[in-house]
Every structure is written in structure tokens, then in C-alpha cells.
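Asker: Quick one, fold the following:
(chains A and B)
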Amino acid sequence: MADHTHHIVPKRVYFAVFTALIVLTWVTAWISTVDLGRMNLVVALSIAVFKASLVVLFFMHIAYATKLTKMIVFSGIYWLILLLFITMEDIWTRGWMGVPGR
Amino acid sequence: MITAPSPVLTKKNYLNEAHSLKSWLLTKDHKRIGILYLISVTFFFMLGGLYAAMIRLELMTPAGDLLESNTYNKVFTMHGVLMVFLFLIPSIPAVLGNFLLPLMIGAKDVAFPRLNLLSYYVYLAGGLFIFTSLILGGVDTGWTFYTPFSTSYSNGYVLTTGLGIFIAGFSSILTGLNFIVTIHRMRAPGLTWFRLPLFVWAHYATSMIQILGTPVVAVTLFLVVLERGLHIGFFDPAYGGDPVLFQHMFWFYSHPAVYIMILPSMGVVSEIISTFSSKKPFGYTFIAFSSLAIAVFGFLVWGHHLYVASQSVYAGMVFSILTYIVAIPSAIKIFNWLATMYKGSVRITTPMLYAFGFMGLFTIGGLTGLFLASIGLDVHLTDTYFVVAHFHYVMVGGAIMGFLGGIHFWWPKITGRMYPEGWSKLSAIMVFCGFNLTFFPQFLVGYMGMPRRYHVYPPEFQVFNVLSTAGAGLLGVGYFVPFIYLLWSLKYGKLAGDNPWGATGLEWKTSSPPIHQNFEVTPVVTQEAYTYTTEEVAHIG
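Answerer: This next block holds a predicted model:
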């Protein structure tokens, strides 16, 4: 069975994560003024995913959680990837037949 | 010979513990919440049934002479919305799951009783939104809300209905969450995973789908609301959106939603068949894992709804193969149930009749699903009555047969009383015959080319539609008779006793109806599930 003791996170971790989130928000705002072409979306989403990961891992304590909790979180993310990847599989292969719309 | 003791009604039980309306409306007892759900889903089922009756009456003649086209669109939409979101999805998990899950695992309640009550009120709030849209004039998009019609052209109450489904979805998520935590954390001492009843396994798999899938449909319908209300482009090409994206996102949930309806039913059937064969289910582990396999593979097949919706052929091929694969765990269950009955002491009771009905109808529904999984054949059958017949065989023939079977099986536990066996068997046979008469002609007329969602059709299709309408009448009577005798049994039914069927689950080890805290003493489990001893067998007959 999982133990019921709560992991005590030092305050400096929270401050470090908070600082990182603020800095990354600033980076997001700044990078939006730079034209990276097709990489615009990729960079913006990468920063957002990194920020979300920090929140999930440290503010939501998943980094210190039991294996079961980690598995539940992972399965949620995995399912999201399935949704996105398999949907994109349709969009990426639509042009393969050379017939518009197929 | 061992004789069963005379049944007595528990003096203090969850039904008579407190009598005030407040004690019911603010209850945190999972059993009472299950009863509240039962009342609510029955109401929505009747309402949905009323719309079904209007559809069938309209289709008796080839001309659109009872309802105008727009009204007909609203009628079949409201039938679908009410039945899918407010009846089928919550029916078994929220009613029987809520009532039975803690009893089956030897717990006093679910893990989060307050959240359980909240999920009931969230469901009611969602239902209220949908009911309000219905009163205001309904919605005409079909229960699938396909864009861009739903976002840009429909004159119906798409916003309120969409919001209602969005809200009701959270009830489903919270119930699933509650069940998963309950199954993980609240099992009685000795109740290992492989000693769990198959009903619990089925609900575990269902909860996974509820948690992982429901947020997607909630978000999708919310995006429809945003696009319709604020003209933010997601799906409408006029705003730069992609209408096929809507179909991907909608079916990502709505196909697995069929498994939310059918998996709990399969759990019910597993319990019924084992009990009335007095035999451990053949291949317990296979049945348990096939539930999980259905939950996982069921998520990967949604694209078979999009074969003709400009989805790429290559994506269609992948979805076709995956759809064939998902039939395997379903077939495992059917064969294992048959093998369970083989050389068992089979008793033909009312729940068993419903279980037989489930097996027959679900097999037809499942196999015709394979027809539709085949890309070439699906091009011919898409949007015909063949599809309507197929999904009714699964969702009505499967899910409702399981629901009624479960209600009859556990009614003695829920109320402490028996229902009249003769009437219940008669109604089970009426439901089975009425169902087949309603929907089998639809396979034929669909194959011949009658499209769904039209109320005017060529005269050569009339004979099939008249048969279908006649069947719907019989089916309606078959559903109504249990409503009468179950209510009658509350006062006049014979006392059931703790274990009238000679079943083995923990829920049968406590009193009928159970006491507020379920068990006097927390049970300790020392043996496998479905171990039939002379004590259980003595109850038979």
C-alpha cells in the first residue's frame, strides 16, 4: 500500500518554480515579437508545455507522488497524445491519393 | 438437507433510517444516491421514449403527415440527446454501480461520498439545461451536433443543449473518479484484485473511459458553443476551422461512450450468468482483462464514423483494422459466458432471460458493427437505417437489456422484496420480441437504401416501417409493465431475504435492504470470487 506521509517541499523549490514560470511568461511574450516562421507555434507550445510540466510536477506534487498517481497522470497525457497523433494521421495523409479531399 | 431460513425485513435499513425529504436530497449514502439516480434516469428514459414513439408514429406512412420536417429533426435529436447523455451513460454506473460497488467490495461507502452527491446534482443541472432547451423549442442538429450546421446554420437551442451535455459530462467524470479511487483504496481485507466480482472490473474499465474520454466531448461541445456564440473559428471553414476536426474530437469520446454503456452491462451479465449457472465464470481473468482491452482499444477506433467524411483513405484503413481488433475482447466475453453455462445448473429466471437477450442482441449488434467497419460496405450503408438498427442493437439490445437484467437481479437487495416472476418473465419476453420486431426490419430497409433522419420515404419501404412501429409498441408495453410491477412490489412483494438467488458476492452477505453502513462488521474475504458452496446451493429452488 502507498504510504500516507506527505513530502515536505522546501520553500526555495516553490520560489524557484515561481521564478521560472514568470521568466518563461516573459520569454513567451518576447518570442511572440520575433518571426520564427513555421517554428512560431512550436516554440510557443514548447514553452507552454514546459511551464505546465513545472506546475504539475512541483505545485501539484506529482514529482513526489506514488507510482500509481504518476501512472494516472501519465495515462491522461498519453491519451491526449493519442487524440492529437491519430487525428493528425488523417490530416497528414489526406493528400496521398492525389484526389482533393481524400 | 440444508433449508434456507424464512426471510425477514431488516428493521433498520438505509430506506427507513430517516424519512424526511431532506434526508434523501442531502444524503451521502451511496445507496440512496443510487436510488435518486434511478428515479432521474427513469424520468429521462420515459421522456426519450416519448420522442421515440413520435418518430415511429411519423414513420408509419411514407408521407410526412404527422410532424413537419423541422419538428421531426428536433424530435429525433431530442430522442438521441436524452437517451444517450441522460439515460444510457449514467444508467448502470450511476444507479447499480453506485448502489453495489461499495457493497461488492465490502466498503461502507464510496471513497468520496460528498463528491458522489455533488455528481448527482451536476447531472441534474445538466439535465435541467437540456430539458429547458426542449421546453424552449428543442434542437435540430441530431445528437451528433455536426459542424458547421450546429455552429452556423441551426435555429435550435444548440447553446443550452451543448452546455447541458458539458455539465452532465462532469457528473460522469466525477462518478468515474470516485469509482476508481473506491476500487483502489476501499476493498475489504483479503479482497485482492483477482477476487473482485467481474461487475467491479467492468466498472473499473468504464470509469477509465469516463475519466479519459468525457473531458474531450465536453471541450468539443464547449468549442461549438464558443464558435456559435462568439464566432471563434474552430470547425467552420468560414472562420478558418475544419469541420472534420469536430468529428474527430466528437467521436474520440462518443465511440468509447458506447463502451461506457455496454461494459457495465457486460459486468451485470457476468454476475447473472454465474449466479444462475451456479458456476464460477469460465475464464475469469480473460473476462476481467477483456473489459480493460475494450476500454483501451475502444479509444482507437473512432475514425470508422468518418469513412465518408473526407477522412483520408489511409487513416480509414488504420481505423478499420483497429475496429476489427476491438471485436475480439467482446467475443471473448460471449464465448466465456456460453462456456460458463455449459454443464452448469442453469435456472431460467427473469434476470437470466435478460442476460440471454443481451447475448443474442449484442452479438447481432457487434457483428453488424463489423459490416460497418469494412470501408467499402460502409460507403453503401453510411447514414442508412442499417446503422440505426446496428447501434440500437448494441445500445438498446445491449445496454438496456443489461440494465433491466441488473435491476431485476438486485431488486431484492435494493428493496428487500421480490417482484412477480410470471409478469417479469412475460415482460422480458415482450421486450425481446418487441425489440427484434422494431429493429430487425431496419437492417433490411437500411440495406435497401432508406436513409436515416428523413420522415418522407418511398412507399416500397412502408411495410418495414409499419413492422418497426408495431414492434416499438410491443417494446413500449414491455418496458412499462416492469415499471408497474416493480412499484407494486415495493408494498406487496414477497420478502426476499438476504440471498434469494444463492449468489456468492459480498452484497448478498448483508441484509436486504442493507443497513446504512452496509455491513455490521467489515467482511474479511478468504476465498476466490464465485466459490459456490452448499450454503448458496441450498437457496436454489
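Asker: make it CA atoms for all contacts and neighbour counts henceforth
Answerer: OK.
Asker: so what secondary structure elements neighbour the lowest-mean-pLDDT helix or strand in chain A?
Answerer: Lowest by mean pLDDT, DSSP states H and E among the helices and strands of chain A is helix A:67-93, with a mean of 88. Under the contact criterion of 3 or more CA pairs under 8 Å, 6 or more residues apart in numbering or on different chains; DSSP states H and E, helix A:67-93 touches helix B:243-277, helix B:313-341.
Asker: Tell me the buried residues in it?
Answerer: A:76, A:79, A:83, A:86-87, A:90-91 (16 or more other CA atoms under 10 Å in any protein chain shown).
Asker: Export those as JSON lines, with columns for distance to B:L490.
Answerer: Shown next, in JSON lines, are the buried residues of helix A:67-93 (distance: CA to CA, whole Å):
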{"residue": "A:G76", "distance to B:L490": "44"}
{"residue": "A:W79", "distance to B:L490": "45"}
{"residue": "A:L83", "distance to B:L490": "47"}
{"residue": "A:I86", "distance to B:L490": "51"}
{"residue": "A:T87", "distance to B:L490": "51"}
{"residue": "A:D90", "distance to B:L490": "55"}
{"residue": "A:I91", "distance to B:L490": "57"}
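Asker: and which of those residues is nearest to B:M186?
Answerer: A:G76 (23.0 Å; CA to CA).
Asker: check contacts around B:S69.
Answerer: Going by CA atoms under 8 Å, 6 or more residues apart in numbering or on different chains, B:S69 touches B:454-455.
Asker: Around chain A, which positions in the stretch 151-300 of chain B sit nearby?
Answerer: B:212, B:245, B:248-249, B:252 (CA under 8 Å from any CA of the partner chain).
Asker: quick revisit: winner for burial among the helices and strands packed on helix A:67-93?
Answerer: Most buried of these by mean neighbour count (mean count of other CA atoms under 10 Å in any protein chain shown) is helix B:243-277; its value is a mean of 25.
Asker: now it, how far from the centre of its chain.
Answerer: Remark: helix B:243-277 is offset 7 Å from the chain centroid, using CA atoms, centre = their mean, to the nearest Å.
Asker: and if you look at stretch B:62-69?
Answerer: 31 Å.
Asker: do the same with stretch A:57-69
Answerer: Counting by CA atoms, centre = their mean, stretch A:57-69 comes out at 15 Å from the chain centroid.
Asker: Over to stretch B:70-87?
Answerer: 16 Å.
Asker: same check, this time on stretch B:207-227
Answerer: 19 Å.
Asker: Repeat that for stretch B:463-472.
Answerer: 24 Å.
Asker: Any residue of stretch B:378-390 touching chain A?
Answerer: No: using CA under 8 Å from any CA, we find that stretch B:378-390 stays clear of chain A, coming within 13.9 Å at best.
Asker: Show residues contacting that stretch.
Answerer: B:307-308, B:364-366, B:368-369, B:371-372, B:439-440, B:442-447, B:449-452.
Asker: List the buried residues in it.
Answerer: For stretch B:378-390, by 16+ other CA under 10 Å, it's B:378, B:380-390.
Asker: repeat for stretch B:422-442
Answerer: Applying 16+ other CA under 10 Å to stretch B:422-442 flags B:424-442 as buried.
Asker: re the thing from before, turn the helices and strands packed on helix A:67-93 into JSON lines, including distance to B:G398 and mean pLDDT.
Answerer: JSON lines is the format used below for those (distance: least, CA to CA, whole Å; pLDDT from 0 to 100):
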{"stretch": "helix B:243-277", "distance to B:G398": "6", "mean pLDDT": "94"}
{"stretch": "helix B:313-341", "distance to B:G398": "12", "mean pLDDT": "93"}
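Asker: Can you check which of these gets nearest to B:L474?
Answerer: Of the helices and strands packed on helix A:67-93, nearest to B:L474 by CA to CA is helix B:243-277, at 22.7 Å.
Asker: now the angle between helix B:243-277 and the helix or strand that that closest one is followed by, please.
Answerer: Helices and strands here follow DSSP states H and E; after helix B:243-277, the next one along the chain is helix B:284-297. Put simply, helix B:284-297 runs at 170 degrees to helix B:243-277, going by axes from the mean of the first three to the mean of the last three CA atoms, to 10 degrees.
Asker: tilt between helix B:284-297 and helix A:67-93?
Answerer: Using the same axes, to 10 degrees: helix B:284-297 against helix A:67-93 is 50 degrees.
Asker: Going by neighbour count, list what's buried in helix B:284-297.
Answerer: Buried-residue list, helix B:284-297, by 16+ other CA under 10 Å: B:284, B:286-297.
Asker: circling back to that earlier point, the residues of the stretch 151-300 of chain B next to chain A: which two are farthest apart?
Answerer: So, these by CA to CA: farthest apart are B:L212 and B:L245, at 18.6 Å.
Asker: on that earlier part again, can you put the buried residues of helix B:284-297 in a markdown table and add pLDDT?
Answerer: Shown next, in a markdown table, are the buried residues of helix B:284-297 (pLDDT from 0 to 100):
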| residue | pLDDT |
| --- | --- |
| B:Y284 | 95 |
| B:F286 | 93 |
| B:I287 | 93 |
| B:A288 | 94 |
| B:F289 | 94 |
| B:S290 | 94 |
| B:S291 | 92 |
| B:L292 | 92 |
| B:A293 | 93 |
| B:I294 | 92 |
| B:A295 | 90 |
| B:V296 | 90 |
| B:F297 | 90 |
